[in-house]
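Chemist: no sequence for this one, just the structure:
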């Protein structure tokens, strides 16, 4: 929805004609976004960013006013995940910019392409502690690929173009341009150039052929090969290449959590995802493999557990577009720096033969039957969260997009939903940002209006950004929010019970609002679920409602997330329940 | 269902060390820290020093010294960074440095690289002749003198400067400033050619 309708234009024909010459720095900023193909901007107005918004008034770019800047950065992040193109967010100086920081840090950890444009006090006031001034570049430098301080109306458009290109190039990530008000208000006739990355930024494409050959031979020699597919596979649009490779050479595929959707979970070769709450079979396979083809993963500690026990017998072939990821956490015997899709194609051609691994594949299937993802069937109350997720999954098309907040609900949504397509799993991984879900679903829905969007959230996480519901209502976005409500920050409570002798300090939320009524107050539809009897019916009703709806699902507060590898633990020693936690 | 309990599951024999490197299960392997001299060409623009130093601080690299100054190309500056890290940390520091947008190129200088540090030492001026004599021993020279103090300039390796400062302590050292190392590769090789 465009938000320019409140004041009639004096001269419609002039406003409609495209490519009017720019006259101000702000117009150059907007022109740079237009040139880069921006459709949506998520933001919040404010004093220092006002000239940019004024220039946006004459643009076809759609602006979505968010209820909080944090939501703007998360919505842009989700937009970037779903479309693959950078999502854009705006905020004013000072508190506007600092409120974006969480979303920028989140995008940085997950390599999501995001452009943040922030207003700044006029150049002459910079450094004077002026009203709503903060050192935005200084604050964001460590959490962006690059933060720019625009200093000149003649070059501000190029700064934005470069930031756009940089966010998208190589390993994707966030960039920021800080825009002093006098620079955006200043006169210029300079049009921004074509988006291009800075000359010092090299993006490798193909890996060295000889290195690829060596790696391929090592994989072909393996008795217990696995592919570990990370988020980088999805970012590189390499999911199809991965499927072709894995199926041709019959190598079992494990994904990381960000890699969910890169390989169809209903395929025989899929072991789903590994890590702290990954499947038992994925964790056993990862522990016992003798050759791991890891693609687009940074070996986060939630995946590896203790690095000393991570795939200890495996020769590691590590494909990554970022050379700094090679041997950062896990030593790579065969480093292959390049674009995942290109390198997979190279590997496909270089493989001398398929690994002789019938026995290993059988072993993996055996683990699947030994450690299935299960939960107590909901014969009795209370309602099981896994049942809600699983039922919803069964009712929806394959391309349904699932967004989440962060916590136990996020784990259930990743464990019990069946993902088969890339860019259908939108979550906060590296930063683990509670409150990610509500605004992320907004960004995801606008990015893919024809796909169904569901957001699983927890009561604690939902409350952190619940004001975003007002945006979903205003934009009439057809999103189904499901709050898996256990009146607690459940993951913390689970750890307190497991590792802090049940001392539940500040983790129980018996004071939370009635989310169905809260939804209605915002103008959304509200539902309550208290038993398993009407789960399907309620979900169906919420799905059919043409607009945002919230299902407040009162789940079993005693339910915890398993399997579990304790922090820093050994993936192969996952616990299936509380009793096994004591054994490891 | 459910399968074997944790202690009964299939287990590999190997292990990795804390740097994620596969190691002999029977032998302890540690990487001892060593000193590395990194030379980086960077865009000469505001904020670049903070970007580089922030990288070292947030990645917890143990930085010994960092010097920066312009080159003959006014758009380019050269940084000399001394770090002391185990081998994987040095490798990681180089790669992370290369990722920074204003960084043009990064090289590790060989052990034989020309390495110099400058120190200014201000000591009591009571025995100027003695101060001069000690300065001569270290090829230093007095660059300022007053009735109460003498300031001596010393250039050389870190060890030489450490030794000189030790020697000057007999004259009541009032102030010291040290630059940290600046370094260049010996021979005709230049970093610019790596660009």
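Modeler: Yep, that arrived. Worth saying up front: this structure is predicted, and the values here are computed from it rather than measured.
Chemist: surely residue A:200 is in contact with residue B:99?
Modeler: No. Using C-beta atoms under 8 Å, residue A:200 makes no contact with residue B:99, being 10.0 Å away. For every residue, glycine as well, the C-beta is placed using N, CA and C.
Chemist: what strand or helix carries residue A:247?
Modeler: Using DSSP states H and E, residue A:247 falls within helix A:239-249.
Chemist: residue ranges with poor pLDDT in the chain?
Modeler: As the question left the chain open, I've gone with chain A. A:1-18, A:378-380 (pLDDT under 70).
Chemist: that's the wrong chain, I meant chain B
Modeler: B:1, B:25-29, B:192-195.
Chemist: nearest spatial neighbour of the residue of it found nearest chain A, chain-adjacent residues omitted?
Modeler: The nearest approach of chain B to chain A comes at residue B:3, 2.9 Å away (C-beta to the nearest C-beta). Nearest residue to residue B:3, sequence neighbours excluded (C-beta to C-beta, 6 or more residues apart in numbering or on different chains): residue A:370, at 2.9 Å.
Chemist: contacting residues around the one you found?
Modeler: A:280, A:281, B:1, B:2, B:3, B:4 (C-beta atoms under 8 Å, 6 or more residues apart in numbering or on different chains).
Chemist: nearest spatial neighbour of the last one, skipping sequence neighbours?
Modeler: Read that as residue B:4. Per C-beta to C-beta, 6+ apart, closest to residue B:4 is residue A:370, 7.4 Å.
Chemist: who's residue B:43 bridged to?
Modeler: residue B:76 (DSSP bridges).
Chemist: enumerate every residue touching it.
Modeler: A:200, B:75, B:76, B:77, B:102, B:103, B:104.
Chemist: filter the contacts of residue A:370 down to the buried ones.
Modeler: Among the contacts of residue A:370, those scoring as buried are A:280, A:281, B:3 (criterion: 16 or more other C-beta atoms under 10 Å in any protein chain shown).
Chemist: quick one: the residue nearest to the spatial centre of chain B and residue A:275, what's the gap?
Modeler: Centroid-nearest residue in chain B: residue B:82, 1.3 Å away (criterion: C-alpha atoms, centre = their mean). Separation of residue B:82 from residue A:275 (C-beta to C-beta, to the nearest Å) stands at 38 Å.
Chemist: before we move on, what about residue A:546?
Modeler: To residue A:275, residue A:546 is 37 Å away according to C-beta to C-beta.
Chemist: compare these two (neighbour count), which wins?
Modeler: residue A:275 (26 against 10; other C-beta atoms under 10 Å in any protein chain shown).
Chemist: nearest spatial neighbour of that one, skipping sequence neighbours?
Modeler: For residue A:275, the spatially nearest residue (C-beta to C-beta, 6+ apart) is residue A:303, at 4.3 Å.
Chemist: give me the secondary structure label for that neighbour.
Modeler: helix (DSSP: H, G, I helix; E, B strand; the rest coil).
Chemist: any idea how many residues pack against it?
Modeler: Neighbours of residue A:303 (other C-beta under 10 Å): 30.
Chemist: do I have it right that it meets residue A:274?
Modeler: Yes. Under the criterion of C-beta under 8 Å, residue A:303 makes contact with residue A:274 at 6.3 Å.
Chemist: which neighbours do the two share?
Modeler: residue A:256.
Chemist: residues touching residue B:74, list them.
Modeler: With C-beta under 8 Å, 6+ apart, residue B:74 has these contacts: residue B:44.
Chemist: so the closest residue to residue A:486 other than its chain neighbours is in which element?
Modeler: Nearest in space to residue A:486, with sequence neighbours left out and distances taken as C-beta to C-beta, 6+ apart, is residue A:557 at 4.3 Å. For residue A:557, there is no host helix or strand (DSSP H and E).
Chemist: show me the contacts for residue A:557.
Modeler: Contacts of residue A:557 by C-beta under 8 Å, 6+ apart are A:382, A:486, A:487, A:488, A:490.
Chemist: secondary structure class for residue A:82?
Modeler: helix.
Chemist: quick check, it in contact with residue A:423.
Modeler: Yes. Taking C-beta under 8 Å as the definition, residue A:82 is a contact partner of residue A:423 at 5.3 Å.
Chemist: how about the helix holding residue A:247, which residues are buried there?
Modeler: So, applying 16+ other C-beta under 10 Å, buried residues of helix A:239-249: A:239, A:241, A:242, A:243, A:245, A:246, A:249.
Chemist: right, and the fourth one touches residue A:263 too?
Modeler: Yes. Counting by C-beta under 8 Å, a contact exists between residue A:243 and residue A:263, whose distance comes to 6.3 Å.
Chemist: any idea how far residue B:88 is from the closest residue to residue B:14 other than its chain neighbours?
Modeler: Among residues not flanking residue B:14 along the chain, residue A:312 sits closest, at 3.6 Å (C-beta to C-beta, 6+ apart). For residue A:312, the distance to residue B:88 equals 17 Å [C-beta to C-beta].
Chemist: between those two, which is the more surrounded one?
Modeler: residue A:312 (21 against 18).
Chemist: now do the contacts for residue A:420.
Modeler: A:261, A:264, A:265, A:266, A:398.
Chemist: one step back: distance of the residue nearest to residue B:14 from residue A:304?
Modeler: 11 Å.
Chemist: ok, now residue A:367?
Modeler: Taking C-beta to C-beta, one finds residue A:367 at 19 Å from residue A:304.
Chemist: pull out the buried positions in stretch A:535-549.
Modeler: Result for stretch A:535-549 [16+ other C-beta under 10 Å]: buried residues A:535, A:538, A:539, A:542, A:543, A:548, A:549.
Chemist: among those, which pair sits farthest apart?
Modeler: A:535 and A:548 (19.5 Å; C-beta to C-beta).
Chemist: thinking again about what came up before, so which of the buried residues of stretch A:535-549 are in strands?
Modeler: Taking DSSP state E, the ones among the buried residues of stretch A:535-549 that sit in strands are residue A:549.
Chemist: nearest to residue A:175 among the buried residues of stretch A:535-549?
Modeler: Taking these together and measuring to residue A:175 by C-beta to C-beta, the closest member is residue A:548, at 30.6 Å.
Chemist: tell me the contacts of that closest one?
Modeler: Contacts of residue A:548 by C-beta under 8 Å, 6+ apart are A:469, A:472, A:473, A:476, A:477, A:478, A:479, A:480, A:481, A:519, A:524, A:525.
Chemist: what about the closest residue to residue A:231 other than its chain neighbours, which SS state?
Modeler: Using C-beta to C-beta, 6+ apart and skipping the chain neighbours, the partner closest in space to residue A:231 is residue A:258 (3.0 Å). Classification of residue A:258 using three-state DSSP returns coil.
Chemist: for residue B:162, see how far away residue A:258 is.
Modeler: In terms of C-beta to C-beta, residue A:258 sits 49 Å off from residue B:162.
Chemist: more crowded one of the two?
Modeler: Applying other C-beta under 10 Å to residue A:258 and residue B:162 shows that residue A:258 carries more neighbours, namely 30 against 14.
Chemist: could you tell me the end-to-end distance of stretch A:136-145?
Modeler: Terminal residues of stretch A:136-145 lie 14 Å apart, using C-alpha to C-alpha, to the nearest Å.
Chemist: please identify the buried residues of it?
Modeler: Here stretch A:136-145 shows A:136, A:137, A:139, A:140, A:141, A:143, A:144, A:145 as buried, counting by 16+ other C-beta under 10 Å.
Chemist: which residue does the stretch 51-200 of chain A bring closest to chain B?
Modeler: For the stretch 51-200 of chain A, C-beta to the nearest C-beta, closest residue to chain B: residue A:146, 4.2 Å.
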